[in-house]
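# Pasting the sequence and the predicted coordinates here, then a few questions.
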Amino acid sequence: AAANIATAGWLSGYSSSSSSSSGQQQQQLSDHAQLSPIVLHSWMVELSQPGRLQQLQADDLAAVTAAVAVLQLRIPAGWLDGLVAALQQRLIQCCPAALACLSCSLPLLLPRGGSLRLWRQLGAIVQQQGVHLSASQLCEVLTVVQAADLAVPTLWLKQAMTKIQGSLLKLNLPQSSRALAASVALGYNPPKPWLDTYMQRFRSGLSELNPEGLVDVLRALSTAGVLPSHDWLTDFEKDVGRRFGFIGPVELSSTAFLFANLAHIPSDTWRQRFMSEALKFRVYYTGNEVTQVVWSGVRMGCKPDEQWLEGYVQQMHEQLKNLQAYQIAFTFAALQKLGASFEPAMIDDVLDAYALRLHEAQPSDTALVLVTVARLKHVTSYKWLEDVLDSCQASMLQYDGPELVTLLWSLAQLHHQPGHEWLNIFCEASEGRLAALSGSQLAQLLYGFAQLKWEPPAAWMEGYLRQTQALLAAGDFTGRDAASLLSSLSTLQHTPSEQWLHACLQLLYFKMPELDPEGLASVAISLAKLSVVVGNGQWLESYVSLTLPRLSAMNVETQVNLLSGLAVFGADLPRAWVAAFQLMCVQQAEAGKMTAGQLEQVLVALSSRRVTPSSALCQLYFDKSLPELQHTSQSSIAATLLALQQAGVQPDAHWLEALVGVVRETIRSYSLVELNGVSKALGAFEAGGMKQRWLSDLVAYLKEFFLH
């Protein structure tokens, strides 16, 4: 009786057509089993009496098995032997619902790695009774066999699947789908006639499968090498398209989910009709269906309008209390990718709902939520982020490589420094996963550390550079990712080995043309920051020639830093390159887009390459820097004067007079090296024809100053 109290409500609702997942079924059983510990203990004592299990009917045995498994009751010694013996006598009498119950509970009761003798006994029962079971019962027994990892001969599987084939069109789709998934998992791929009949049933009854069941079927079909062909999917798409307006919400979402999982992109017309129908059915979708529809929309490349997005954002918000952690993550991320707008308060509600389900969240869920928040540029509460990071830290070793990359990239975008302890644990977790990462993921990983201004431990960096060097040498990086590596290393001020740099520059030589203007400029800028000098030669000539047509697409700061980097290399800049660069500088300075400091940087870089700046560029510098001379550093003044002298440029008299006054006032703040440079430059200007009393007086004063 107690067994019936504990499980009857759940078992009666578990028919072979149930679309509940195993986890949902277990939860339902737990919900129905709110019995006191005293009652459960008394019940277990009663069931442990000799011969008691043998007195139960087949369906009662299934109920007892489920109750003991899910309630995790303490099992007396020898009880499992009695259960197996009772099952041996009663298995043939089990109804399909009872067999389905066993398929869910037996794996919990007899975990893998348990008594091999019990496995063998149960396997023997299945083999003996299989010939007497109906097709419906066999579907459920196959699930038990797979879940318990029982060893059964291929011949037995073939006979079972042959018997099921005769009833395929009569069985409901979840039943036959579970049988297919179990058979393939056990190593037997059904023959083509079986699969052809199944696909006929699959096409007509797709809406009977829940998302988890559909994924299991597609995985089985993929393993068997018989996934639906493009022609099959196209025909199915046309069939569904003809029935738009007459199909229900479940069939609509299931069809979209099928296409999404198989990466089938329907026609524009089909997708527009799908969007229209999905909007109409929005209010009928709850929990999992909302996730299914919006995720499928992303995978199929749909472009919903604002009304559609607002409707599903609202539907997600209303369904938050019914969504599991993974559903919140996938729905939130999918809507963001589709272009939905979220009010800050709405985002906070989503994040609060997710925080309540952190205990059930998988690493991929948390990574997906964080990257979505980062893409939305939403400022989360410090407490929420710290709670999530604490959860991540506790389960860091469970994250795979790509999930770890997403996690760190998201923190970098959120500008949140999680602390040394967290990052050290992150490095421990990621160190063994570096070999599994792609070039793009490795570049993103180092980018995350660079943005957080935190250099990983030396051992981690050694392994990281070793892995990236191997991929660079093999050409497995894109030009953009290789440039990103250099940029991140320069931010961390970590200079790699010559071998690493050779591999990186060799790859960039061939992949530089694919870089955008900013990415191309970052290569020279990063190398200069790392104090790596690339001499004149084929690589540098190719690089300079590629930058010329891209100069106009760079922002001012990038242009100036690029020139400075090339100056560090001692690059021979072609006249056409210099002329184009100076012309752009003049145009931008006249438009007010360049500061005096940037113009000074350009003059210094050009003069270092023995290039005479144009008179227009120099005059713009004199005009812009004149009001700021009082606040200019001694090193900048010395560098500018030296650059003008080297380039043979006579400065504007008004500008030079003001500068002389500044030098007089701040002369004791100069270092001897700086003052020596100022003195030589001013002497050169005087000798070059700048005959002014105030200049002669300062030059004389400097000579006297040096004597003392």
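Right, received. Where do you want to start?
# Show me the contact partners of the helix or strand hosting Gln582.
For Gln582, the host element (DSSP states H and E) is helix 575-590. Contacts with helix 575-590, where a contact means Cβ atoms under 8 Å, 6 or more residues apart in numbering, come from 544, 547-548, 551-552, 556, 559, 563, 594, 599, 602, 606, 611, 613-614, 616-617, 620-621, 624. Every C-beta, even on glycine, is put in place using the N, C-alpha and C of the backbone.
# For the residue lying closest to Glu289 once chain neighbours are set aside, which three-state class applies?
Closest residue to Glu289 apart from its sequence neighbours, by Cβ to Cβ, 6 or more residues apart in numbering: Ser253 at 5.4 Å. Here Ser253 takes the helix state, with states given by DSSP: H, G, I helix; E, B strand; the rest coil.
# quick one, what contacts Leu656?
Contacts for Leu656 (Cβ under 8 Å, 6+ apart) come out as Phe685, Met690, Gln692, Leu695.
# Mind giving me the packing neighbours of the helix or strand containing Leu142?
Assigned by DSSP H and E, Leu142 belongs to helix 135-148. Packing partners of helix 135-148 (3 or more Cβ pairs under 8 Å, 6 or more residues apart in numbering; DSSP states H and E): helix 96-109, helix 116-130, helix 154-165, helix 173-185.
# By mean pLDDT, show me the worst of those.
Among the helices and strands packed on helix 135-148, helix 116-130 has the lowest mean pLDDT, at a mean of 62.
# Need the residue closest to the centroid of the protein.
The chain has Thr406 as the residue nearest its centroid, 4.2 Å off, counting by Cα atoms, centre = their mean.
# how near is that one to Ala179?
Distance of Thr406 to Ala179, computed by Cβ to Cβ, to the nearest Å: 37 Å.
# If you count neighbours, what's buried in stretch 575-591?
Neighbour-count burial for stretch 575-591 flags Trp577, Val578, Ala580, Phe581, Gln582, Met584, Cys585, Val586, Gln588, Ala589 (criterion: 16 or more other Cβ atoms under 10 Å).
# what's the answer for stretch 547-564, then?
Residues of stretch 547-564 classed as buried: Thr547, Arg550, Leu551, Met554, Val556, Thr558, Gln559, Val560, Asn561, Leu562, Leu563, Ser564 (neighbour count, 16+ other Cβ under 10 Å).
# Okay, now it: how far is its last residue from its first?
One end of stretch 547-564 sits 14 Å from the other (Cα to Cα, to the nearest Å).
# With only the CA atoms kept, save the helix holding Gln582 in CSV.
Extracted in CSV, the C-alpha atoms of helix 575-590 (Å, rounded to 0.1, in the frame of the first residue of the first chain):
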residue,chain,number,x,y,z
ARG,A,575,57.6,59.0,-50.6
ALA,A,576,54.0,58.3,-51.6
TRP,A,577,53.3,56.8,-48.1
VAL,A,578,54.8,59.9,-46.3
ALA,A,579,52.9,62.3,-48.6
ALA,A,580,49.6,60.6,-48.0
PHE,A,581,50.2,60.4,-44.3
GLN,A,582,51.1,64.1,-44.0
LEU,A,583,48.1,65.1,-46.1
MET,A,584,45.8,63.2,-43.8
CYS,A,585,47.4,64.7,-40.7
VAL,A,586,46.9,68.2,-42.1
GLN,A,587,43.3,67.6,-43.0
GLN,A,588,42.5,66.1,-39.6
ALA,A,589,44.4,68.8,-37.7
GLU,A,590,42.5,71.5,-39.6
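# same question for that helix, mean pLDDT?
Helix 575-590 shows a mean pLDDT of 94.
# Now the element after it, going C-ward?
Next helix or strand after helix 575-590 toward the C-terminus (DSSP H and E): helix 596-608.
# Check which helices and strands the following helix or strand past that following helix sits against.
Sequence-wise, the next helix or strand downstream of helix 596-608 (DSSP H and E) is helix 615-625. Counting contacts by 3+ Cβ pairs under 8 Å, 6+ apart, helix 615-625 packs against helix 575-590, helix 596-608, helix 653-665.
# Now do the phi/psi pair for Ser633.
Per-residue torsions, Ser633: phi -70, psi 160 (degrees, to the nearest 10).
# Name the residues of stretch 50-58 that are buried.
For stretch 50-58, the neighbour count (16+ other Cβ under 10 Å) marks Leu53, Leu56, Ala58 as buried.
# Please name whichever of those scores lowest on pLDDT.
Of all the buried residues of stretch 50-58, Ala58 carries the smallest pLDDT score, 79.
# That one contacts Thr65, correct?
No - Ala58 is beyond contact range of Thr65, at 10.9 Å (criterion: Cβ atoms under 8 Å).
# can you give me the strands for this structure?
In the chain, no strands are defined using DSSP state E.
# ok so, going back, excluding chain neighbours, what is closest to the residue nearest to the centre of the chain?
The shortest distance from Thr406 to any non-neighbouring residue, by Cβ to Cβ, 6+ apart, is to Ala367 (4.2 Å).
# Show the model's pLDDT score for the one you found.
Value for Ala367, per-residue pLDDT: 93.
# my read: it touches Leu411, true?
No - judged on Cβ under 8 Å, Ala367 makes no contact with Leu411 at a distance of 10.7 Å.
# for the residue nearest to Glu289, what are its contacts?
Ala278, Phe281, Tyr285, Glu289, Gln292, Val293, Ser296.
# what's the weakest-modelled helix or strand in the protein?
The helix or strand of the chain with the lowest confidence, counting by mean pLDDT, DSSP states H and E, is helix 2-12 at a mean of 38.
# one step back: wait, what's in contact with the residue nearest to Thr406?
Going by Cβ under 8 Å, 6+ apart, Ala367 touches Tyr399, Glu403, Thr406, Leu407, Ser410.
# Mind doing that once more with 10 Å?
Shown in contact with Ala367 (Cβ atoms under 10 Å, 6 or more residues apart in numbering): 329, 333, 361, 392, 399-400, 402-410.
# coming back round to it: where do the contact lists of Ala367 and Leu411 overlap?
Shared contacts of Ala367 and Leu411, defined by Cβ under 10 Å, 6+ apart, are found at Cys392.
# Please give me every residue in contact with the closest residue to Arg550 other than its chain neighbours.
Once flanking residues are discounted, Arg550 sits nearest to Pro517: 3.9 Å by Cβ to Cβ, 6+ apart. When contacts are counted by Cβ under 10 Å, 6+ apart, Pro517 touches Leu546, Thr547, Pro549, Arg550, Leu551, Ser552, Ala553, Met554, Asn555, Thr558, Gln559, Leu562.
# And the fourth one, how far from Met512?
Arg550 sits at a distance of 10 Å from Met512 (criterion: Cβ to Cβ).
# Between the two, which contacts overlap?
Counting by Cβ under 10 Å, 6+ apart, the contacts common to Arg550 and Met512 are Gly519, Leu520.
# before we move on, back to that, between the contacts of Leu656, which is nearest Glu237?
Nearest to Glu237, judged by Cβ to Cβ, of these is Phe685 at 79.4 Å.
# right, and the closest one touches Leu644 too?
Yes - Phe685 lies in contact with Leu644 (Cβ atoms under 10 Å); the separation is 8.0 Å.
# Which neighbours do those two have in common?
Both Phe685 and Leu644 are contacted by Gln650, Pro651, Leu656, under the criterion Cβ under 10 Å, 6+ apart.
# Phi first, then psi, for the second one.
When read as degrees, to the nearest 10, the backbone of Pro651 gives phi -70, psi 160.
# what's the neighbour count on it?
Burial of Pro651 is recorded as 21 neighbouring residues (other Cβ atoms under 10 Å).
# could you measure it against Leu599, distance?
With distances taken as Cβ to Cβ, Pro651 is found 13 Å from Leu599.
# Next: the last one.
Relative to Leu599, Leu656 is positioned 16 Å away (criterion: Cβ to Cβ).
# what does the first one give?
Relative to Leu599, Gln650 is positioned 17 Å away (criterion: Cβ to Cβ).
# the more surrounded of these two?
Applying other Cβ under 10 Å to Gln650 and Leu599 shows that Leu599 carries more neighbours, namely 25 against 14.
# Done for today, thanks.
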